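Engineer: Next comes the sequence, and after it the predicted model I'd like to discuss.
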Amino acid sequence: MKVSEQHFVNARLPLSGSTGYYKVIVKNGVYDSIDLQSGKVESPAYRAIPRDAFLAESVIGEGTKIWDLNGRILLPGFIDAHMHLDKAFSLPRVPNQSGTLLEALRNFGVAYGEIGKEDIKMRMRKAALRALSYGTTSLRTHLDFNVRKDRDVCFRTIYAALEIKEELKDWIDIQLFPLTMHESLGPKELEMVEEALILGVTGIGAIPHLSLTPEQDVDRIFELAIKYDCPVDFHTDEDDDPSVQTVALIADKTEQYGYQGKVVVGHLCSLAGMDHDIAASMIAKMKNAGLKAVTLPAANMYLQGRGDRGIVRRGITRVREIQEAGVPLATASDNIHDPFHPFGRGDMIQIGLLTGYAAHLGSPADQLQILRMMTEIPASVIGLDRYGLSRGNQADFVVLDACSVEEIFTFLPENRATFKRGRLIHASRLDHTWGVPIGGGEDEVFRNPCCCRFTQ
Ligand SMILES: [Zn+2]
């Protein structure tokens, strides 16, 4: 029987601002209604969730399926606004003994030409599907595009990425940004970027603070972006040195070219080391230019601050100040198990937790803000339409085995279910086996309390 309508009852929607229970109806892959219930609904029509099950469904009537979430959280799908799928899981092959950004760049630059297309595809698929399994329904990945290497090497990654994007398109949306690695962009390099745009990549990525001619490069990138009406995403000031202030140049050029709202600046590490007045003026420039920002706490806590002795910088940007100025700031994964960052698994809850630690965000309001930095804010940063829990939007969402925001970041629930356009794509459930008798039983230890013990 074809299921065209699904009801998700007794769901908690923390981003709604209410702690009550909701009923969410999805029809043909989009939200049809989202309504606050008057309380928890129990019905013989709903199959009670068995003790050892995370999700239970009942089929009632013609083509209608009911999911009783029993007080669990439903969030719009996580959006990972800054990844490097093509590098993910390359660490066993491309090591980094010192752990520095410089050695990572050097070693990856050497290995880059020897990594075949199927190898790239396999690791991209693995990273994207893992992210999806943790609840990410859309992501943006940068792609190495080392225009100093030969053409075949550059386009090998582009073709691999285009094929993976197509292969996974019904399950996860992937945006592609060739990341021009260069000392300065000349006509040949720009021609190659243009060719990648014609092939179908989403936008242009660059690292102007590593360029010998940043202003000229940024000009050329804006000219090309305008020609193809595509967004731009800069790795910006990923450096401890507070005199590195490329963000000011990017803000000025964004205004000059009238490109407000289409420019993303990621990292912004040097901002953390600047004098407060200078940092405030940089943030004001970002706001005036309509820049959108991404912080990458995992990779930057690992890579930055290595020259510091005594008080060691945390590596991430000024999260609170940027947000207080009204600049949208997402949090994202960056690298996964590669020479730039040996850890990570593409799990936005892990990244959210690291954001909380690194930026001192822990109050209930702060934790809610972290959730926004994993969902609504990155959706706006990467320009998604029809995202979020509103009627008519695409039903991309994740169900978590947690009943409050605090439980998400305390228990880091392994039990999750990811839905794309209303279709269950992946569900996971953690099993426990005790070899000894435990007092109180399994529920007392592992079941989060408010589901079972408290009523609304
Ligand atoms: Zn990056």
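Structural biologist: On my side now, so go ahead. None of these values were measured; they are calculated from a predicted model.
Engineer: low-scoring stretches of the stretch 1-150 of the chain, by residue?
Structural biologist: Within the stretch 1-150 of the chain, the ranges that satisfy pLDDT under 70 run 1, 47-54, 56, 59-61.
Engineer: try it again with 80
Structural biologist: Residue ranges of the stretch 1-150 of the chain with pLDDT under 80: 1-3, 43-62, 147-150.
Engineer: What ranges does it have for its strands?
Structural biologist: Secondary structure of the stretch 1-150 of the chain (DSSP state E, counting those that start in this stretch): strands at 5-12, 21-27, 30-36, 57-60, 64-68, 73-76, 78-83, 136-146.
Engineer: got the ones you listed as JSON lines, with mean neighbour count columns?
Structural biologist: The C-beta positions use only the backbone N, C-alpha and C, and glycine is treated the same way. Formatted as JSON lines, the entries for those read as follows, by neighbours: other CB atoms under 10 Å:
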{"stretch": "strand 5-12", "mean neighbour count": "23"}
{"stretch": "strand 21-27", "mean neighbour count": "19"}
{"stretch": "strand 30-36", "mean neighbour count": "15"}
{"stretch": "strand 57-60", "mean neighbour count": "15"}
{"stretch": "strand 64-68", "mean neighbour count": "21"}
{"stretch": "strand 73-76", "mean neighbour count": "25"}
{"stretch": "strand 78-83", "mean neighbour count": "30"}
{"stretch": "strand 136-146", "mean neighbour count": "26"}
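Engineer: ok, Ile349 - how many residues close by?
Structural biologist: Counted by other CB atoms under 10 Å, the residues lying close to Ile349 total 23.
Engineer: contacting residues for the nearest residue to it once chain neighbours are set aside?
Structural biologist: In space, and not counting its chain neighbours, Ile349 is closest to Leu412: 5.6 Å by CB to CB, 6 or more residues apart in numbering. Applying CB atoms under 8 Å, 6 or more residues apart in numbering to Leu412 gives the contacts Ile349, Gln350, Leu353.
Engineer: Which pLDDT value does the model give Leu412?
Structural biologist: Listed pLDDT for Leu412 reads 95.
Engineer: Report the separation between it and His142.
Structural biologist: Relative to His142, Leu412 is positioned 26 Å away (CB to CB, to the nearest Å).
Engineer: before we move on, what about Ser90?
Structural biologist: Applying CB to CB, the value for Ser90 to His142 is 14 Å.
Engineer: mind listing what's buried in stretch 230-248?
Structural biologist: 231-240, 242, 244-247 (16 or more other CB atoms under 10 Å).
Engineer: quick one: terminal-to-terminal distance for that stretch?
Structural biologist: End-to-end distance of stretch 230-248 (CA to CA, to the nearest Å): 21 Å.
Engineer: what sits against Pro297?
Structural biologist: Counting by CB under 8 Å, 6+ apart, Pro297 makes contact with Gly315, Ile316, Thr331, Ile351, Leu354, Thr355, Tyr357, Ala358, Ala359.
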